[in-house]
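>>> Pasted the sequence and its predicted model underneath.
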Amino acid sequence: MRSERRRIWKCLRFAVLLTLLAFVSGGCAANTHTVCPGGGCNYTSIQAAIDNATAGDTIEVHSGTYNENVNVNKQLILRGKDTGAGKPVVDTGGINNNAIVLSAGGIVLDGFTAINASNDNRAGIYVDLNNNIVINCTVSNNYFGILLHHSNNNTLTNNTALNNADGVRLYNSSNNTLTGNTASNNAYNGIILYSSSNNNNLTTNTANSNNYSGIYLFYFNSNNTLVGNIASNNDRGIYLDSTSNNNTLTDNVANSNNNSGIYLYSSSHNNTLMGNNASNNNYGIYLGSSSNNNTLTGNTASNNYDGIRLESSSNNTLTGNTALNNSHGIFLISLSTNNTLKGNTANSNYNDGIRLGSSSNNTLTGNTALNNNNGIYLRSSSTNNNLTGNTASNNGNVGIRLESSSNNHIYNNYFDNWFNAEDDGNNIWNITKTAGTNIIGGSWLGGNYWSDYTGEDTDGDGLGDTLRPYNSSGGIQNGGDWLPLVQAEPSIFDTGEGSYPSISGTFTGTITPSRNLTVSRLYTYPCAGTGGHTKSIELYDDTTPIASGVWSGYHGDWHNITFTEVTLLKDHEYRYVIVTGSYPQIIHAPSWNATGGRITCSEFVDINGKRHEGWIPAIKLS
């Protein structure tokens, strides 16, 4: 009996426990509260619904205008529902308060319009804590459209900020993500980061037609990322100011801004600009006021006054950028020093492709300046710059112009212009002869390639033999280029085609190159419709064999024989023995001036043992 009572008591306790669990579970379930301005819902006031909601609940707000100040002080989902009259509107009526405040974490605000928080430092949407989401909202006629204040890890997506003082403002806020927002026609800035560092990500936002800046990083903004944003028709498109360091700007578009497309100003260091487009601005990309150690790679600046401008900025690296159809393509001015310009293209600019003014100790390597007025222009005491491997061609005035600038080192560049150089200073136009591939493919480094140089290269080293420095038709007033580069003739010995066919036999004679030739292949000119070819070749330096090759039959490129590569020296006589098959072409002459030298025939003994004189094989060595 006692055990039976014990069993019943256990069952009752289990039933009570199940009831309590069901009650607790029912009490924690998220509820949805509805709000309509004219009745028919749970509430007519958004704030009343918030006050009576529990964390985790959803508040659904229908279309209409709500004249109140909303404070979301718990973790809720507030979702605006368009019931026929658009997004629900929270209107402060211009009183000194914010329209919507998110004062807790983990809030989702979706699909609202917030207006008329127009007094100083008030916001349409004010985010005061972390981990909130603001999506599909519209803010207008506020002082700040959306304000994040000491607020981290928030997400702003597809919001629209119009006709505010600042559209979206982050103040001392980090690790926020702004994606697909539009900030336009605001009195000051579209999107502004103020003292907001560390991993704010701005992606594919549009900031157009704002009176000051489209996107503005002001006062100690570091380690932020801007990717794929559009900032057009502002005063400044994207503006980094007051020690904004270590930011990354990639694939942004900053076009048609009154002042600058992308502007780094006031000691903004170590930023990376890559793949951005800045067109139809006053300045395309502008680094000013000691903005140092920045990297600009693969950007395009076109149809600006200055495409890329560095002013009082040093130790920056510009690589692979394109500056087209500007007044000045790339312009370094006002003591911009120790910058590296490498592999940039500055073409079709109205004034200068690349211009340095009062800027020294810069390195320009591998840049291209075509179809400008001046290709490269150094002026106003621009000294100790190094220019190597650059190409300046088809420029209307001068390829390279140096005015009041000395001690620059200019070598291994390519100049092909109506006037190649003007220089009124004391500059260095070559280095000592040094082994290495030069800009026109020669084997020695020395001076520059000048299209108007007509001197000779008698020793075949690809460097002009000049008794005085070349001054580019009088344009270099002091000194000049002692080792101008000469376009080397091809390493080929070619008799050209012959006339009568020959039967098989053995040719002996001599070849005397007019320049150094490195060869490893013999081509035989055949008579049309025949199998004319060479069976073998032997080359001798006096009696010493130096090369030989044997025909490999009628397959592949069978008019050619490959042999050991050999260098035949200029003006040195070499003996050949060539055995031909049937019907190669011949030249009936005892000697012949070929391309690359002279050839003679001492005898030809045909396959029948008959000896002939003055039969030269029609061949090409390459």
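Good, I have the coordinates.
>>> Give me the buried positions along stretch 504-523.
Using 16 or more other C-beta atoms under 10 Å as the test for burial, stretch 504-523 gives 504-505, 507-517, 519, 521-523. Quick note: C-beta positions are derived from backbone N, CA and C, even for glycine.
>>> what is the rounded mean pLDDT of that stretch?
For stretch 504-523, the mean pLDDT works out to 92.
>>> pull the CA atoms of it into CSV?
C-alpha atoms of stretch 504-523 as CSV (Å, rounded to 0.1, in the frame of the first residue of the first chain):
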residue,chain,number,x,y,z
SER,A,504,73.2,19.0,-106.1
GLY,A,505,76.7,19.7,-105.1
THR,A,506,79.2,21.2,-102.6
PHE,A,507,79.8,24.9,-102.2
THR,A,508,82.9,26.3,-100.5
GLY,A,509,83.6,30.0,-99.8
THR,A,510,83.8,32.6,-97.1
ILE,A,511,81.4,34.8,-95.1
THR,A,512,82.5,38.1,-93.6
PRO,A,513,79.9,39.7,-91.2
SER,A,514,79.5,43.5,-91.2
ARG,A,515,78.4,43.2,-87.5
ASN,A,516,78.4,40.6,-84.8
LEU,A,517,75.9,37.9,-85.6
THR,A,518,74.6,35.1,-83.4
VAL,A,519,73.2,32.3,-85.6
SER,A,520,72.0,28.8,-85.3
ARG,A,521,69.9,28.1,-88.4
LEU,A,522,70.4,27.9,-92.2
TYR,A,523,67.6,28.5,-94.6
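>>> Could you tell me how far it lies from the centre of the chain?
Computed by C-alpha atoms, centre = their mean, to the nearest Å, the chain-centroid distance of stretch 504-523 equals 49 Å.
>>> cool, and stretch 396-411?
The answer for stretch 396-411 is 26 Å, by C-alpha atoms, centre = their mean.
>>> what do you get for stretch 177-197?
Remark: stretch 177-197 is offset 26 Å from the chain centroid, using C-alpha atoms, centre = their mean.
>>> Only the buried residues of it, if you could.
177-179, 181-186, 188-194, 196-197.
>>> again, but for stretch 535-551
536, 537, 538, 539, 540, 546, 547, 549, 551.
>>> Touching it from outside, list them.
Applying C-beta atoms under 8 Å, 6 or more residues apart in numbering, the contact partners of stretch 535-551 are 504, 511, 520, 522, 533-534, 558, 561-566, 568, 572, 574-581.
>>> For it, measure first residue to last.
With C-alpha to C-alpha, to the nearest Å as the measure, stretch 535-551 spans 5 Å from end to end.
>>> same check, this time on stretch 596-606
Across stretch 596-606, first to last residue, C-alpha to C-alpha, it's 28 Å.
>>> picking up where we left off before, now, of the contacts of stretch 535-551, which are buried?
504, 511, 522, 533-534, 558, 561, 563, 566, 568, 574-576, 578-581.
>>> got any ranges where this protein has weak pLDDT?
1-28, 501, 529 (pLDDT under 70).
>>> any idea how it splits into domains?
Per automatic domain parsing, the structural domains of the chain span 305-488, 493-621.
>>> Out of the ones you listed, indicate the one that is most buried.
domain 305-488 (a mean of 21; mean count of other C-beta atoms under 10 Å).
>>> starting at the chain centroid, how far to that one?
So, by C-alpha atoms, centre = their mean, the centroid of domain 305-488 is 22 Å from its chain's centroid.
>>> From start to finish, how long is stretch 384-392 in a straight line?
OK, stretch 384-392 end separation, C-alpha to C-alpha: 20 Å.
>>> Check what contacts it and list those residues.
By C-beta under 8 Å, 6+ apart, stretch 384-392 touches 353, 356, 359-370, 375-376, 378, 399-400, 407-417, 439.
>>> returning to what we had before: next step: the buried residues of stretch 535-551 restricted to strands.
When DSSP state E is applied, the buried residues of stretch 535-551 are split such that 536, 537, 538, 539, 540, 546, 547, 549 fall in strands.
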